[in-house]
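K.L.:
Pasting the sequence and the predicted model now:
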Amino acid sequence: QVQLVESGGGLVQAGGSLRLSCAAAGRTFSTYVMGWFRQAPGKGREFVAAITRRGSNTYYADSVKGRFTISRDNAKNTVYLQMNSLKPEDTAVYYCAADPFPSNYYSDSQYDYWGQGTQVTVSS
């Protein structure tokens, strides 16, 4: 098992930046594929980004491609989401997720472990 705790959310103006962090408790962090998802008010949870175990490959939703960057530091048991050029439509609760063998990186149903979420609000 792995326990996940997100941090770094907040209020930012459109065009600004935030960096989210997700710290994992456990010795086997490097064996998990890590993902970021978000849920806006009244909407379902949607995929944002994912990164493979060693960080060799990354995947992004079209809506964030070129603006967001996912990375991980296995020595620190932490995954990051650098968010630049933020837009009001990026406003959501952001969740990190982990799974050792997700068959579909883009689907939230494939991840077994979730953090509690961190709120990101982008004002216009």
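P.N.:
Great, that's in hand.
K.L.:
rest of the way, CA atoms for contacts and neighbours
P.N.:
Noted.
K.L.:
Leaving out sequence neighbours, find the closest residue to the most centrally placed residue in the chain.
P.N.:
Centroid-nearest residue in the chain: Trp36, 2.3 Å away (criterion: Cα atoms, centre = their mean). In space, and not counting its chain neighbours, Trp36 is closest to Cys96: 4.5 Å by Cα to Cα, 6 or more residues apart in numbering.
K.L.:
any idea which helix or strand carries the one you found?
P.N.:
Take DSSP states H and E as the rule and Cys96 turns out to sit in strand 92-99.
K.L.:
by contact count, what packs against that strand?
P.N.:
On a contact count with 3 or more Cα pairs under 8 Å, 6 or more residues apart in numbering; DSSP states H and E, strand 92-99 meets strand 3-7, strand 33-39, strand 113-114, strand 118-123.
K.L.:
most packed of those?
P.N.:
Each of these was scored by mean neighbour count; the highest is strand 33-39, a mean of 24, by mean count of other Cα atoms under 10 Å.
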